[in-house]
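Visitor: This is the structure alone, sequence omitted:
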């Protein structure tokens, strides 16, 4: 695997939640800087050295509700 996709969402409380696609990875943090470090740590813990992806792609998903 050369890359892993991580979906990042912002909670209603303003925290960032990250979930791996195709891997059981979940972490959260109060800001994006800390989330990046938490995601790196989670990926390192989840994969062995030989299987670890070389890149981590963060996809920030933002839902917005507007009145019709």
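Guide: Perfect, thanks for sending it. Keep in mind it's a predicted model, so treat the numbers as computed, not measured.
Visitor: okay, which residue is most central for this protein?
Guide: The C-alpha lying nearest the average C-alpha coordinate of the chain belongs to residue 18 (Cα atoms, centre = their mean; 3.2 Å).
Visitor: Mind telling me what element that one is part of?
Guide: Assigned by DSSP states H and E, residue 18 belongs to strand 16-20.
Visitor: How about residue 57?
Guide: Using DSSP H and E, residue 57 falls in strand 55-61.
Visitor: just checking, residue 13 is part of a helix?
Guide: No. With DSSP: H, G, I helix; E, B strand; the rest coil as the criterion, residue 13 is located in coil rather than a helix.
Visitor: pLDDT below threshold where in the protein?
Guide: Within the chain, no range satisfies pLDDT under 70.
Visitor: Look up how far residue 42 lies from the residue sitting furthest away from the middle of it.
Guide: Among residues of the chain, the one most distant from the C-alpha centroid is residue 68; the distance is 31.6 Å, by Cα atoms, centre = their mean. According to Cβ to Cβ, to the nearest Å, residue 68 and residue 42 sit 39 Å apart. (C-beta placed from N, C-alpha, C; glycine too.)
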